[in-house]
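Colleague: generate coordinates for the sequence data below:
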Amino acid sequence: MAGCGIELFETDGPDAVQRRLGGANSRLDALDCIAAVGGDGTLNDILNALPDPGRIPIAQLGLGTANCLARELGIPRKPAGVAKLVVGGALRRIDLATANGRRFFGNASCGFDARIVHRIAARRSGTLGMTSYVRPGFASLRGYREPQLAVHLEDGEIVRGGLVIASNLRNYGGIFSLSETAACDSGTLELVVFERARIWDLVRLPLAGALGRLQQARGVVYRRVQRATIVSEGAEPVPVQVDGDARGEAPLELSLEPRAVPIVVPPDQASGRGN
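Modeller: Next up is the predicted model:
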């Protein structure tokens, strides 16, 4: 490809990437770019495998279910288009968020959506599509009780709700619009707190998100933060998901390092919304 040397390998998680790169700086120094061929989970695995995610630009060929970052940055969905970006694209530095120490670029949450992710993870075999979430979603309603969550913000404010999503992107899951003001290089996480998460709310609020009206919906609180802690005030454990993968239970410690990761993007996306 345009005189570039290419090394191809498969990965099943951060450990596989670390083993392949050997964790040695000399091996990493030989790389000009890492291309993630897969979905948001693959990109997350690479992000968590690199000793310093700010050193080597990352490109993505979005072949996953949602491909949220690729959608937001206008990255081509065909191999030839991504190959052209690797050779002649621009760089845009995006914010690096962490959830209980795990890096993420998209979103992390506590509540019903994470309950679905945990159910899928326990039974998953093979790749997922959008329809893969329908049956687990209905099954997750059985025995569901609305969580009691408290979000402790860095300025001392406490916001309570039944579902909390921390997002670095406008879109969630490739379907729902969480926020028109969120941006991957804004320097802040967008916290979306659903004050109630009863079954009726779990129907009403996603519908508002699908229609792009979530910010006008009743019972939704928005905050912008660089740090926050989400804790459960109820007796039952509340599951956590990070970039679509099951990641334990609350409490959830969130933090953000502004513009820490270089991503290969089309030239018209180089300036970013956070400038």
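Colleague: from here on, contacts and neighbour counts on C-alpha atoms
Modeller: Noted.
Colleague: could you find the closest non-adjacent residue to the residue nearest to the spatial centre of the chain?
Modeller: When C-alpha atoms, centre = their mean is applied to the chain, the residue found nearest the centroid is Gly106 (2.3 Å). Among residues not flanking Gly106 along the chain, Asn168 sits closest, at 5.1 Å (C-alpha to C-alpha, 6 or more residues apart in numbering).
Colleague: that neighbour: how many residues sit nearby?
Modeller: Residues contacting Asn168 under the criterion other C-alpha atoms under 10 Å number 29.
Colleague: ok, it - contacts?
Modeller: Neighbouring residues of Asn168 by C-alpha atoms under 8 Å, 6 or more residues apart in numbering: 95, 97, 105-107, 182-184, 188-190.
Colleague: and if you look at Pro76?
Modeller: 61, 70, 82.
Colleague: give me the pLDDT value at Thr131.
Modeller: Looking at Thr131, its pLDDT is 50.
Colleague: Gly143 too?
Modeller: We have a pLDDT of 86 for Gly143.
Colleague: how far away is it from Trp200?
Modeller: For Gly143, the distance to Trp200 equals 15 Å [C-alpha to C-alpha, to the nearest Å].
Colleague: ditto for Gln18
Modeller: Distance, Gln18 to Trp200, by C-alpha to C-alpha: 44 Å.
Colleague: same question for Pro136.
Modeller: Distance of Pro136 to Trp200, given as C-alpha to C-alpha: 17 Å.
Colleague: in a helix, Val17, correct?
Modeller: Yes: looking at Val17 with DSSP: H, G, I helix; E, B strand; the rest coil, it is inside a helix.
Colleague: so what's Ala114 up against?
Modeller: With C-alpha under 8 Å, 6+ apart, Ala114 has these contacts: 239-241, 246.
Colleague: now, those residues that are in strands?
Modeller: 239-241, 246 (DSSP state E).
Colleague: how about these in JSON lines, adding distance to Arg196, pLDDT and neighbour count?
Modeller: JSON lines is the format used below for the ones in strands among the contacts of Ala114 (distance: C-alpha to C-alpha, whole Å; pLDDT from 0 to 100; neighbours: other C-alpha atoms under 10 Å):
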{"residue": "Pro239", "distance to Arg196": "17", "pLDDT": "97", "neighbour count": "24"}
{"residue": "Val240", "distance to Arg196": "17", "pLDDT": "97", "neighbour count": "27"}
{"residue": "Gln241", "distance to Arg196": "19", "pLDDT": "94", "neighbour count": "26"}
{"residue": "Ala246", "distance to Arg196": "22", "pLDDT": "91", "neighbour count": "20"}
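Colleague: give the buried residues for stretch 60-69.
Modeller: Counting neighbours by 16 or more other C-alpha atoms under 10 Å, one finds that the buried residues in stretch 60-69 are 60-69.
Colleague: out of those residues, flag the one nearest to Gly219.
Modeller: Cys68 (25.2 Å; C-alpha to C-alpha).
Colleague: the residue nearest to Ala97 when sequence neighbours are not counted and Ala99, how far apart?
Modeller: In space, and not counting its chain neighbours, Ala97 is closest to Leu256: 4.3 Å by C-alpha to C-alpha, 6+ apart. Relative to Ala99, Leu256 is positioned 9 Å away (C-alpha to C-alpha).
Colleague: using pLDDT, spot the least trustworthy of the buried residues of stretch 60-69.
Modeller: Thr65 (78).
Colleague: go ahead and confirm Pro251 touches Gly234.
Modeller: No: contact criterion C-alpha atoms under 8 Å: Pro251 and Gly234 do not qualify, at 11.6 Å.
Colleague: more neighbours, those two?
Modeller: The neighbour count for Pro251 versus Gly234, taken as other C-alpha under 10 Å, is higher for Pro251 (21 against 12).
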